[in-house]
Structure formats: structure tokens, C-alpha cells
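# quick check, what structure comes out for this input:
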Amino acid sequence: MSLLETKKLVKKFGGVRAVDHVDVRFEAGMLTGLIGPNGSGKTTLINTLTGLLPMDGGTVVVSDNVALHAVRPTSIATYGLTRTFQSVRLFEQMSVLDNLLVVLTERNVWGALFERHGKYHLDTAEDILKKVGLWEKHHELAGTLSYGQRKLLEIARAVSMRARVYFFDEPFAGLFPEMRKVVSAILHELRENGAAVVLVEHDMDLIRSLADYCYVLDSGTVIAEGAPEAVLKQANVIDAYLGK
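Model (predicted):
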């Protein structure tokens, strides 16, 4: 079952189409890779789907067959979407625990800051922080964490959203091997629980081992799609990566 799909999606910067009539589908219980050379449009596609950039054409269809011609970042949780970023974005002057509690309250940020958190919120936050190995640091300020720990906290916040579609933009970049195992386990768990997991990644070994399906973008268009092993052997995909 498709939880999100695009129909002829377009995003332009001046005369350049960074996303050029793209059709993709993200299925429940599947991990889909978005791959392609630098500048191919992967992050722009995610930014458009999550409302950071306005779309310039096409349609986004979310669960329950709701067709959208505009996506606002303040509305993505309503549609069951969440994401991480290449550059980590946290509430750095708040504790590690409070970074999760703000999300778990399912309220606006200011309301969440002043809500008295119950046992459910605290237990859920503790469980998620233990999964990413950050519970021992739950009282520390997020801004004091190492780079890898900050990425893990952002992933933990995404998991806390209990979304239907998760966009992970290079979540493995800069992580030590043990941290990479943690992230892999989380992606597997989300997929097993029926979410659509979308992974932007440059490490093709990770795509082969994690992805059920992948799309290859180049110059804003989808040039190939299918099972990773088959797609990565296609001549046009190899040419796109090697610049031939």
C-alpha cells in the first residue's frame, strides 16, 4: 500500500528544474533508497515533500488518497510525515530528554514546553533514548553532545513522531560503526512496524543491505528504479555516478 506518492512533481530554481516531473511511490513496510550523484535532486525532493520548499507543479498524494498541491512544514505531522536533516537540527539549549518530550506531547512547541509530562511521555522517551544509547545523557544539554550523538538524538526525535513515512537524509554520515548498527536496527524496526522508510544514502553497500527498492535520480529526473542489485548494474546508473 502506498503511503505517499508524487505525480509529475516539479521544483524549479530559476530556469533549473531540480525536480523534473518526478513520479515516486513509498510503500508501507518497505525501505526505499533515494540515490544519485551530488546535485541530482535527492534532498530537494525531500525538502519539497516536507514543505521546506514550495512545489512548482505536480501533485503529492498521501494516505487516504489525499491529493496535495502545496505542503506546509507545519502540516506534515498531520499527514504522517517526518524527517531528519543532513545538518542536524535540535533544540540545543534544552536537555536530551526535553528534545523528545517536546515531540511526544503532540502539541505546538510553546504548549509542549509548559505541559506537565506524564508517565507515558517519560517512559516512551526513556525507551527511545535507550534504543539509541543516549539515556545516560538524558539530562545533558543537546548542544554538548558529540556529532554522532546529535545525529542519534535527531533520529530518536523522528522515531518519537510515530509517523507513517520517515525521510532519513544521510543518517549514517560521520557515524562510528557501532552507531551505524544502531541506526540500521531502527530503520529495520520502523519498516517491520509498517512504516514507509525513505533513505538518502551515498554508501551503496548500505543501500544493497537495507533497501527493498530504490530510485536513482540524476539532474532532477528518475533515471532508474527497482531492486538495488539490479538497478546498480544498469549502464546509465553507472554512467551517472562516474560522470561519463
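
# ok, residues contacting the strand or helix carrying residue 168?
Taking DSSP states H and E as the definition, one finds residue 168 inside strand 165-169. Strand 165-169 is contacted by residues 3-4, 26, 42-43, 46, 49-50, 62, 80-86, 155, 158-159, 187, 190, 195-200 when judged by C-beta atoms under 8 Å, 6 or more residues apart in numbering. (Glycine included, C-beta is placed from N, CA and C.)

# domains in the chain, by residue range?
What automatic domain parsing lists as the domains of the chain is 1-80+163-244, 91-162.

# just checking: what are the partner strands of the strand holding residue 168?
Looking at strand 165-169 with DSSP bridges, its partner strands are strand 81-83 (parallel), strand 196-200 (parallel).

# so which of these gets nearest residue 32?
strand 196-200 (5.2 Å; C-beta to C-beta).

# the very next helix or strand once past the closest one - contacts with which helices or strands?
If you walk from strand 196-200 toward the C-terminus, the next helix or strand you reach (DSSP H and E) is helix 204-210. In terms of contacts (3 or more C-beta pairs under 8 Å, 6 or more residues apart in numbering; DSSP states H and E), helix 204-210 is packed against strand 30-35, helix 177-192, strand 196-200, helix 228-231.

# switch to 10 Å and redo it
Packing partners of helix 204-210 (3 or more C-beta pairs under 10 Å, 6 or more residues apart in numbering; DSSP states H and E): strand 30-35, helix 177-192, strand 196-200, strand 213-218, helix 228-231.

# which neighbouring elements make contact with the last one?
Where contact means 3+ C-beta pairs under 10 Å, 6+ apart, helix 228-231 is packed against strand 30-35, helix 204-210, strand 213-218, strand 221-226.

# the same query, at a cut-off of 7 Å, please.
Counting contacts by 3 or more C-beta pairs under 7 Å, 6 or more residues apart in numbering; DSSP states H and E, helix 228-231 packs against helix 204-210, strand 213-218.

# could you do the longest one as well?
In this structure, helix 177-192 makes packing contacts with strand 30-35, helix 147-160, strand 196-200, judged by 3+ C-beta pairs under 7 Å, 6+ apart.

# next, the angle from that helix to strand 30-35.
Counting by axes from the mean of the first three to the mean of the last three C-alpha atoms, to 10 degrees, helix 177-192 lies at 130 degrees to strand 30-35.

# would you mind measuring from the closest residue to residue 126 other than its chain neighbours to residue 152?
Of all residues not flanking residue 126 in the chain, residue 135 sits nearest, at 6.1 Å (C-beta to C-beta, 6 or more residues apart in numbering). Here the criterion is C-beta to C-beta, to the nearest Å. By it, residue 135 lies 11 Å from residue 152.

# what about these two, which has more around it?
Shown here are residue 135 and residue 152; by other C-beta atoms under 10 Å, residue 152 has more neighbours (25 against 15).
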